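Participant: Just a sequence and a predicted model for now, questions to come.
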Amino acid sequence: MKKASPEVRKALIDAIKIQLKENNPPETKQAFIRLLCDGIPEEDVYIYLAQALAYEMYASMKEERSYDNQNYAKLLAKLPHLE
């Protein structure tokens, strides 16, 4: 996947901040805390979380299916290594 434009990156990070604030899904906050505890700088944590969200959004569009929160949670659990 190509690198996101600054506008897309901001939109994804804003979505992550909303998820964290609302604790929905809770896996986002769990991944956020885990990555911080692993010593990853907060700015990078937001980028990792946004990457997982972007992967799921891209997959849902490519596969012409609905967004899958369970798949998103699985991606979050793999961070910081999405492959």
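Facilitator: Looks like it arrived, so ask away.

Participant: use CA for all of it now, contacts and neighbours both
Facilitator: OK.

Participant: Pick out the residue nearest the middle of the chain.
Facilitator: Compute the mean C-alpha point of the chain, and by Cα atoms, centre = their mean the closest residue is L49, 2.9 Å away.

Participant: who touches it in this structure?
Facilitator: When contacts are counted by Cα atoms under 8 Å, 6 or more residues apart in numbering, L49 is found next to I13, I16, T28, A31, F32, L76, L79.

Participant: go with 7 Å
Facilitator: Counting by Cα atoms under 7 Å, 6 or more residues apart in numbering, L49 makes contact with I16, L76.

Participant: I'd like the distance between it and E64.
Facilitator: Plainly put, L49 is 23 Å away from E64 if you go by Cα to Cα, to the nearest Å.

Participant: element containing Q30?
Facilitator: For Q30, the host element (DSSP states H and E) is helix 26-37.

Participant: okay, the angle between the longest helix along the chain and helix 26-37?
Facilitator: As assigned by DSSP state H, the longest helix anywhere in the chain is helix 42-62. Counting by axes from the mean of the first three to the mean of the last three Cα atoms, to 10 degrees, helix 42-62 points 140 degrees away from the direction of helix 26-37.
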